[in-house]
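Engineer: when you get a sec, could you give me coordinates for this:
(one chain, ligands or ions: 3)
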Amino acid sequence: MPHNIAVLGSTGSIGTQTLDIISQFPDRFRAVVLAAGSNVDMLIRQATKHRPAIAIIADERKYSALKEALSPLGIETACGEQALADAMERPDFDTVVTATVGYSGLLPTIRAIKAGKQIALANKETLVVAGELVTRMLRDSASEVIPVDSEHSAIYQCLKGEDTATVKKLIITASGGPFRTWTREETARVTAAQALNHPRWHMGAKITIDSATMLNKAFEIIEARWLFDVAPEKIEAVVHPQSIVHSMVEFVDGAVKAQLGIPDMHLPIRYALGDASRLPSEERPLSLSDYTSLTFEKPDAEKFPCLTLAPRALTDGGNTACIINAANEVAVAAFLRGAISFHGIYDTITDALDRISFIPTPTLDDYVATHHATIEYCKRKIEQ
Ligand SMILES: NC(=O)C1=CN([C@@H]2O[C@H](COP(=O)(O)OP(=O)(O)OC[C@H]3O[C@@H](n4cnc5c(N)ncnc54)[C@H](OP(=O)(O)O)[C@@H]3O)[C@@H](O)[C@H]2O)C=CC1
Ligand SMILES: CC(=O)[C@@H](O)[C@H](O)COP(=O)(O)O
Ligand SMILES: [Mn+2]
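Structural biologist: Ligands and ions are numbered 1, 2, ... in the order given. From the prediction side, this is the model:
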């Protein structure tokens with residue numbers, strides 16, 4: 001029996017690579033739910049090829065095109081963010097790949113947890129926004145999360161078979177992004193095109209900008225804190241420009257385990273879809289002799305102040321990281337359209353942290369309200 005899978009964000013970077021894996025193992029995997037934001041043409045092509053039970057488009061303006069194309073094929077269609085979240089309760093799939101971008105991943109993931117689905121988690125923002133709540137819900141659910149984010153997949157692989165009480169430190173590697181060797185003064189004037197030019201990974205625009213500011217690494221520290229239930233002071237980032245060592249775990253006896261591989265997301269996606277098992281790969285293998293050196297350096301929080309937002313979010317707790325995420329979503333979109341500078345991204349986030357009310361023990365409704373209040377505040381501020 002194939003493993004039935006829902007792919008949320010099927011038209012994106014992780015979503016399309018997930019469908020590659022599903023195509024490579026037709027006896028093992030079947031795409032039952034495909035969901036996208038607004039790229040209706042690609043969603044129609046994907047549904048025509050994969051024949052899911054249902055295809056969902058969040059953008060309601062694109063619904064008639066979707067329905068017209070897929071109804072003759074007997075494929076159910078739906079639209080809107082509510083329909084996408086409701087689909088998480090369908091009984092015809094067991095695993096969901098959460099590959100939408102930003103806050104949009106939170107509510108469908110919560111519904112999937114309530115429905116006891118297996119979760120291949122790419123959408124790190126789910127744990128950034130509401131990590132404490134989501135991990136609490138996971139404890140009372142049949143759901144299990146297998147990380148897709150490359151660093152967290154590496155740590156998950158290193159921890160397999162280990163006693164978590166023996167973990168001394170999680171060491172998350174960072175490429176350093178396109179501006180690793182630039183001065184703070186030089187990064188003041190960077191363009192969106194320069195920031196989108198990631199040296200190692202081909203990813204969606206939002207995470208690529210997060211890598212350039214290194215907020216991606218701050219998010220990954222927060223993600224690791226909740227995924228692995230490790231105290232924040234035991235999680236550190238190290239810059240490794242080659243992106244071959246995907247992360248490491250140091251144990252109390254001094255041993256350090258690492259997972260290595262070429263920078264290609266097919267591996268962590270395949271590992272998560274296969275329930276943490278080793279399925280054969282079609283990518284080129286890692287050949288260490290191709291690399292004259294693998295280097296490591298300390299991250300520079302003066303050059304990349306977004307790195308300071310991880311300790312701030314984890315020390316202050318409550319809705320702090322939710323505010324950071326929402327402000328960043330507005331700021332990244334504004335930077336991409338040329339409305340603010342690269343440094344303006346960090347400034348937008350810290351301004352929102354000063355202005356939006358702190359809630360020490362937020363409920364789900366509080367997170368939702370914080371997200372929308374921050375989005376509104378930052379949009380107004382940038383438009384002024
Ligand atoms: N790309 C990578 O290598 C990695 C990504 N991640 C994480 O994975 C997630 C996805 O990243 P990535 O694939 O790069 O992003 P992309 O921008 O490439 O893709 C985003 C996907 O989400 C869909 N989408 C956007 N908004 C909504 C919405 N409101 N409702 C439903 N679907 C929506 C898009 O649809 P459409 O295009 O049709 O509008 C698209 O399918 C992010 O959280 C990112 O941090 C983590 C590690 C690595
Ligand atoms: C592929 C992946 O997991 C990304 O999150 C990647 O880590 C981004 O690169 P940075 O290390 O530059 O943030
Ligand atoms: Mn990552």
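Engineer: hey, let's count contacts and neighbours off CA atoms from now on
Structural biologist: Fine.
Engineer: and the residue lying farthest from the centre of the chain, what does it touch?
Structural biologist: No residue in the chain sits farther from the centre than Pro72, which is 34.5 Å out by CA atoms, centre = their mean. Pro72 is in contact with no residue at all, counting by CA atoms under 8 Å, 6 or more residues apart in numbering.
Engineer: check Glu81 too.
Structural biologist: Residues in contact with Glu81 (CA under 8 Å, 6+ apart) are 58-59.
Engineer: one step back: next, the residue farthest from the centre of the chain: phi, psi?
Structural biologist: For Pro72, the backbone dihedrals (degrees, to the nearest 10) come out as phi -60, psi -20.
Engineer: against ligand 1, how distant is it?
Structural biologist: Going from Pro72 to ligand 1 by CA to the nearest ligand atom, to the nearest Å gives 22 Å.
Engineer: domain ranges for this structure?
Structural biologist: The chain breaks down into these domains under automatic domain parsing: 3-147, 149-265+278-303, 317-384.
Engineer: hang on, the earlier thing: read off the pLDDT value for the residue farthest from the centre of the chain.
Structural biologist: We have a pLDDT of 98 for Pro72.
Engineer: could you measure from the residue of the stretch 251-384 of the chain with the smallest separation from ligand 1 over to Ile207?
Structural biologist: Evaluated by CA to the nearest ligand atom, the stretch 251-384 of the chain has Met265 as its residue closest to ligand 1, separated by 5.8 Å. The gap separating Met265 from Ile207 is 14 Å, by CA to CA, to the nearest Å.
Engineer: swap in Ala373?
Structural biologist: Separation of Ala373 from Ile207 (CA to CA) stands at 22 Å.
Engineer: again with Thr11
Structural biologist: Counting by CA to CA, the separation of Thr11 from Ile207 is 15 Å.
Engineer: look at the two and report which has more neighbours.
Structural biologist: Under the criterion of other CA atoms under 10 Å, the comparison of Thr11 against Ile207 puts Thr11 first, with 26 against 18.
Engineer: grab the nearest non-local neighbour of the residue of the stretch 151-300 of the chain found nearest ligand 2.
Structural biologist: Ligand 2 sits closest to Ala174 of the stretch 151-300 of the chain, with a gap of 3.4 Å, by CA to the nearest ligand atom. Computed as CA to CA, 6 or more residues apart in numbering, the closest residue to Ala174 that is not its neighbour in sequence is Val239, at 4.6 Å.
Engineer: backbone dihedrals for that neighbour, please?
Structural biologist: Dihedral angles (degrees, to the nearest 10) for Val239: phi -80, psi 130.
Engineer: next one: Leu260
Structural biologist: The phi/psi pair for Leu260 (degrees, to the nearest 10) is phi -120, psi 160.
Engineer: surely it meets Ile244?
Structural biologist: Yes - if you go by CA atoms under 8 Å, Leu260 and Ile244 touch, sitting 5.4 Å apart.
Engineer: ok, Lys381 - contacts?
Structural biologist: Counting by CA under 8 Å, 6+ apart, Lys381 has no contacts.
Engineer: in what helix or strand does it lie?
Structural biologist: When elements are assigned from DSSP states H and E, Lys381 belongs to helix 364-383.
Engineer: how about the strands in the stretch 201-350 of the chain?
Structural biologist: In the stretch 201-350 of the chain, the strands defined using DSSP state E, counting those that start in this stretch lie at 235-239, 245-251, 256-260.
Engineer: residue ranges with poor pLDDT in this structure?
Structural biologist: Scanning the chain for pLDDT under 70 picks out nothing.
Engineer: spell out which residues of it are next to ligand 1.
Structural biologist: Residues of the chain lying close to ligand 1 (CA under 6 Å from any ligand atom) are 9-15, 36-39, 58, 81, 99-102, 104, 122-125, 149-150, 203-205, 207, 265.
Engineer: give me the buried subset of these.
Structural biologist: For the residues of the chain next to ligand 1, a neighbour count by 16 or more other CA atoms under 10 Å gives the buried set as 9-15, 36-39, 58, 81, 99-102, 104, 122-125, 149-150, 205, 207, 265.
Engineer: fine by me, we can end here.
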